[in-house]
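1. got a structure for you, letters missing:
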């Protein structure tokens, strides 16, 4: 009986920590002023620590700014009057599946690639209205006037 | 009369060009001073950025990205000051080592704990990863248990210092994911570790 309990305990302890919501791809680390997440057609005020999900549109007001970290440690920082859509994000290193597609619609941004930038840089696409940006493990500043 | 008309036309053209759709991309070093690379691609061509401060400009999707210009640090910092002010700190990784066949930290690693706590406080982190490992001395099953004990030991130390359980994520890899590859049965102190990643 003791052995069985030990075994079950071992199995339970091996489970990955589940402190995160299902499907969460990152979270808001820093913010200032008016910032929003548009999700499924609804506009929500963004809060420090809030989860972000694939297809979220991050939006800052005229005096807002926002910093986000994604699961692979990619960081995205938005200045005022900016919009960025987390079009696609897949980070499954055990299955060797990676994808980062960000739609940068307008405003000012600092982008710092994370682990995906080292493991699978070809799976990263930063899209602006004028261009697609391919990256190799890097930090970029991007300004889009639209 | 003609002079006045000319001035008005010139003014309108200037304003229109400021409203024009365009993308500017500037390559910057990371926190360690390392510089990667980027390629900006439009329907009109592409431009590679490979050194810090290099900038290219694309005015519309059918345009060709401009030749590289180098912007100085001050210019870039003022263009992006609001975004830079909220740029999150990158995660910090700590390696904590253990005595052989034990879940007790070495003295040196014990002395790192205050730095781990400081890093968590600095980032107001609610996302601390704790990942336990062993070397390949001993059976796989034994080492799996040992790695779990190591993970739990570090988790307990951090909880004791005020880190909330909800803010910690744990995983234990046994002999797997070694830092240093060794044959089975070989002792390797550098693999007897817990990695703490503060996000």
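-> Alright, I've got the coordinates. Quantities reported herein were computed from a predicted structural model and do not represent experimental measurements.
2. Next up, the contacts around the residue in chain B that chain A sits nearest to.
-> Using Cβ to the nearest Cβ, residue B:36 is the residue of chain B that sits closest to chain A, at 2.6 Å. Any C-beta I mention is one placed from the backbone N, CA and C, and that applies to glycine too. Taking Cβ atoms under 8 Å, 6 or more residues apart in numbering or on different chains as the criterion, residue B:36 is in contact with A:113, A:117, A:135-139, B:27, B:30.
3. Grab the nearest non-local neighbour of residue A:74.
-> Of all residues not flanking residue A:74 in the chain, residue A:114 sits nearest, at 3.9 Å (Cβ to Cβ, 6 or more residues apart in numbering or on different chains).
4. who are the neighbours in contact with the one you found?
-> A:70, A:72-75.
5. nearest to residue A:88, of those?
-> Of all the contacts of residue A:114, residue A:70 has the smallest distance to residue A:88: 11.7 Å, by Cβ to Cβ.
6. That closest one touches residue A:84, doesn't it?
-> No. Using Cβ atoms under 8 Å, residue A:70 makes no contact with residue A:84, being 11.8 Å away.
7. that older thread, give me the buried subset of the contacts of residue B:36.
-> Listed as buried from the contacts of residue B:36 are A:113, A:117, A:135-139, B:27; burial here means 16 or more other Cβ atoms under 10 Å in any protein chain shown.
8. with these in mind, which one is nearest to residue B:87?
-> Nearest to residue B:87 among the buried ones among the contacts of residue B:36, with distances taken as Cβ to Cβ, is residue A:139, at 9.4 Å.
9. and the gap between the closest one and residue B:160?
-> From residue A:139 across to residue B:160, the span is 36 Å (Cβ to Cβ, to the nearest Å).
10. pLDDT wise, what is residue A:138 at?
-> At residue A:138, the model reports a pLDDT of 88.
11. Buried residues of stretch A:60-69, list them for me.
-> Along stretch A:60-69, these residues count as buried under the neighbour rule (16+ other Cβ under 10 Å): A:60, A:64-69.
12. Filtering these by proximity to chain B, which remain?
-> Counting by Cβ under 8 Å from any Cβ of the partner chain, A:65-69 from the buried residues of stretch A:60-69 sit close to chain B.
13. Residue B:175 reaches residue B:134, doesn't it?
-> Yes. Between residue B:175 and residue B:134 there is a contact under Cβ under 8 Å: 5.7 Å.
14. Which one's more surrounded, the two?
-> Ranked by neighbour count (other Cβ atoms under 10 Å in any protein chain shown), residue B:175 and residue B:134 place residue B:134 first, with 29 against 21.
15. What separation is there between the residue lying closest to residue B:73 once chain neighbours are set aside and residue B:74?
-> Take residue B:73 and drop its neighbours on the chain: the residue closest to it by Cβ to Cβ, 6+ apart is residue B:53, 7.1 Å away. Relative to residue B:74, residue B:53 is positioned 11 Å away (Cβ to Cβ).
16. These two - which one has more neighbours?
-> Neighbours per residue (other Cβ under 10 Å) separate residue B:53 from residue B:74, with residue B:53 holding more: 18 against 8.
17. which residues does the more buried one contact?
-> B:26-28, B:70-73, B:76.
18. Any idea which residue is closest to the centre of chain A?
-> residue A:70 (3.5 Å; Cα atoms, centre = their mean).
19. Could you do chain B as well?
-> Centre-most residue of chain B, counting by Cα atoms, centre = their mean: residue B:90, 4.1 Å.
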